[in-house]
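Participant: predicted model follows, preceded by the sequence.
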Amino acid sequence: QVQLVESGGGLVQPGGSLRLSCAASLSIFSSSTMGWYRQAPGKQRDLVATITNTGRANYADSVRGRFTISRDNAKSTMFLQMNRLKPEDTAVYYCNAVLITYPCIECPPVRSDYWGQGTQVTVSS
């Protein structure tokens, strides 16, 4: 069973920094695309950033230049360095893993999404 465990959330003042971690029990972490999503109260869950198994990163416009996603395949861990935090960054942050499998040689790919339990980030003075 795949488990994703986030850590590193908390309360920070505007302009401050936090580093989130996501530890995965996924045995093929190194071949999975990983990502961070966030959900503010009363809003939908939105993409923050993703990173492929080869390290290619993609960011939401709202965080580009402030947040940095990274991964350590040897430790099956993903990170999100968040700098210059704003009150609008307040949300529950979720770790996501996307696994693509092929049940048989001629079968189409099957996508499976896995989620962590979330970690609260609050930006407030």
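Facilitator: Received the coordinates, thanks. Everything quoted here is computed from the prediction, not taken from an experiment. Numbering: from 1, shown residues only.

Participant: drop to CA atoms for contacts and neighbour counts, all remaining ones
Facilitator: Will do.

Participant: identify the residue spatially nearest to the residue nearest the centre of the chain, adjacent ones excluded.
Facilitator: For the chain, residue 36 is the residue whose C-alpha lies nearest the centre (Cα atoms, centre = their mean; 2.0 Å). For residue 36, the nearest residue in space outside its immediate sequence neighbours is residue 95; the separation is 4.9 Å by Cα to Cα, 6 or more residues apart in numbering.

Participant: and the next helix or strand past the helix or strand hosting the residue nearest to the centre of the chain?
Facilitator: Under the assignment given by DSSP states H and E, the secondary-structure element containing residue 36 is strand 33-39. Once strand 33-39 ends, the next helix or strand along the chain (criterion: DSSP H and E) is strand 46-51.

Participant: counting contacts, what elements does that next one pack onto?
Facilitator: Judged by 3 or more Cα pairs under 8 Å, 6 or more residues apart in numbering; DSSP states H and E, the packing partners of strand 46-51 are strand 33-39, strand 57-59, strand 67-72.

Participant: again, only this time at 7 Å
Facilitator: Applying 3 or more Cα pairs under 7 Å, 6 or more residues apart in numbering; DSSP states H and E, one finds that strand 46-51 contacts strand 33-39, strand 57-59.

Participant: surely residue 70 and residue 76 touch.
Facilitator: No - no contact is recorded between residue 70 and residue 76 when judged using Cα atoms under 7 Å, the distance being 11.2 Å.

Participant: how far off centre is the strand ranked longest in the chain?
Facilitator: The strand spanning the most residues in the chain, taking DSSP state E as the definition, is strand 91-101. Centroid separation for strand 91-101 versus its chain: 6 Å, with Cα atoms, centre = their mean, to the nearest Å.

Participant: tell me which residues of it are tucked away?
Facilitator: Within strand 91-101, the residues that qualify as buried by neighbour count (16 or more other Cα atoms under 10 Å) are 91-99.

Participant: again, but for stretch 81-93
Facilitator: When neighbours are counted by 16+ other Cα under 10 Å, the buried residues of stretch 81-93 are found to be 82-83, 85-86, 89-93.
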